[in-house]
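Visitor: Below: sequence and its predicted model.
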Amino acid sequence: MAPNADFLIVSPRYFAVMRIPMIAGRDFNEHDRMGTEPGIVVNEAFARRFYPNEDPIGKRLNLCWNVPEGAIIGVTANARQTDLTVAPSPTIFLDQAQTPMYFSALVVRTALPPAAMARAVEDAVHAVDPDQAISHVETMEDVVAESVARPRLESVLLGIFAAIALVLAIIGLYGVLAYVVTQQTREIGIRMALGADSSRLVRDVLGHGLGLMLAGIAAGLVLALALTRYIGSLLYDVRPVDPPTFVAVCVVLLSAGLLASWLPARRAAAVDPMRSLRWE
């Protein structure tokens, strides 16, 4: 099977406008025009795959298209061309002046608000060709937003469900510990009457709650590791098994668990020994 790659038709300074740096060689310029040898710019992924230990500049390619042969004049950094979740693939860039296409997209970089410049750009195009149709005008922010709309929605929904689950876990842990303290009121009163330190009672209740939280966190980590394949589809440039993220989540859960345990612990420490001994 013959080697293949994606290709895009661009104009000079496209890479500068899109802030895609040139790693080696040069960009297209006014000398690349119809009648001269086609120049080819490739991305870093192309160079690494097909010329892993060589300098690709000057290498000749048979494109098997309307450009029979050309020479590589530059190498650009990788850039995601279609979707943020899709890793850059080997890509060939050809010059619009040498391989013109019957349709194209115009990219404009401006220091002014893009929406304010849209009309001026349309007027400039119609000044050259009044019959040129223009459609689908949007900013780069809109393009990126459309690309990540679905995973962003899924992430927001998961975040909402996670927040609800965290609140329910706090309420549940508080309820369990409050019930335990209520059931042990008489025992706590006896211990305090015998000289037990209130701080020790607080530590006991907190320790009980901490044990429940650690068991839940352990189960959650196992499930999270099992679901990394699905989680990975929602992430951009973040590994599914990301230690800092796991540590941060564990810290949040432990903090929430200690908060839910603190109120029953304070209640246990405030038990009146005389009243608890008379409690039925």
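Guide: That came through fine. Residues are numbered from 1 along each chain as shown.
Visitor: Give the buried residues for the lengthiest helix in the chain.
Guide: Of all segments of type helix in the chain, defined using DSSP state H, the longest is helix 149-183. If you call a residue buried by 16 or more other C-beta atoms under 10 Å, then helix 149-183 has these buried ones: Ala169, Ile170, Leu173, Tyr174, Val176, Leu177, Ala178, Val181. C-beta here means a position set from N, CA and C on the backbone, and glycine is covered the same way.
Visitor: now the first one: how far from Gly257?
Guide: Right, the one you point to is Ala169. Distance check for Ala169 against Gly257: by C-beta to C-beta, to the nearest Å, it reads 8 Å.
Visitor: Which secondary structure state does Gly74 sit in?
Guide: Look at Gly74: counting by DSSP: H, G, I helix; E, B strand; the rest coil, its state is strand.
Visitor: what's the answer for His126, then?
Guide: Under three-state DSSP, His126 falls in the helix class.
Visitor: That one contacts Ala133, doesn't it?
Guide: No: counting by C-beta atoms under 8 Å, His126 stays clear of Ala133, with 10.0 Å between them.
Visitor: Same drill for these two, tell me which one is more crowded.
Guide: Counted by other C-beta atoms under 10 Å, His126 and Ala133 do not tie: His126 has more neighbours, with 13 against 8.
Visitor: Could you report the distance from the closest residue to Ser11 other than its chain neighbours to Arg49?
Guide: Closest residue to Ser11 apart from its sequence neighbours, by C-beta to C-beta, 6 or more residues apart in numbering: Gln96 at 4.6 Å. Distance of Gln96 to Arg49, given as C-beta to C-beta: 25 Å.
Visitor: Those two: which is more packed in?
Guide: Neighbour count, other C-beta under 10 Å: between Gln96 and Arg49, Gln96 has more, with 16 against 13.
Visitor: Please state the backbone phi and psi of that one?
Guide: phi -60, psi -30 (degrees, to the nearest 10).
Visitor: isn't it right up against Leu8?
Guide: No: using C-beta under 8 Å, Gln96 makes no contact with Leu8, being 9.9 Å away.
Visitor: rewinding a little: which one among the buried residues of helix 149-183 gets closest to Ser89?
Guide: Checking the buried residues of helix 149-183 against Ser89 by C-beta to C-beta gives Ala169 as the nearest, at 43.0 Å.
Visitor: leaving aside the residues next to it on the chain, what's closest to Gly220?
Guide: Among residues not flanking Gly220 along the chain, Leu253 sits closest, at 7.7 Å (C-beta to C-beta, 6+ apart).
Visitor: ditto for Ile134
Guide: Closest residue to Ile134 apart from its sequence neighbours, by C-beta to C-beta, 6+ apart: Glu122 at 5.4 Å.
Visitor: count of neighbours near that neighbour?
Guide: By the criterion of other C-beta under 10 Å, Glu122 has 14 neighbours.
Visitor: So what touches the helix or strand hosting it?
Guide: Using DSSP states H and E, Glu122 maps to helix 114-128. Helix 114-128 is touched from outside by Leu106, Val108, Thr110, Gln132, Ile134, Val137, Thr139, Met140, with contacts defined as C-beta atoms under 8 Å, 6 or more residues apart in numbering.
Visitor: Secondary structure added to the residues you listed, as CSV?
Guide: Output for the contacts of helix 114-128, formatted as CSV (three-state DSSP):
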residue, secondary structure
Leu106, coil
Val108, coil
Thr110, coil
Gln132, coil
Ile134, coil
Val137, coil
Thr139, coil
Met140, helix
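Visitor: Show me the two of those residues that sit farthest apart.
Guide: Greatest spacing in the contacts of helix 114-128, by C-beta to C-beta: Gln132 and Met140 (21.9 Å).
Visitor: So which of the contacts of helix 114-128 is the closest to Val41?
Guide: Leu106 (19.2 Å).
Visitor: tell me the phi and psi of the closest one?
Guide: phi -100, psi 130.
Visitor: any idea how far Leu158 is from the closest residue to Ala5 other than its chain neighbours?
Guide: Once flanking residues are discounted, Ala5 sits nearest to Pro90: 4.0 Å by C-beta to C-beta, 6+ apart. Distance from Pro90 to Leu158, counting by C-beta to C-beta: 34 Å.
Visitor: Phe15 too?
Guide: Applying C-beta to C-beta to Phe15 and Leu158 gives a distance of 37 Å.
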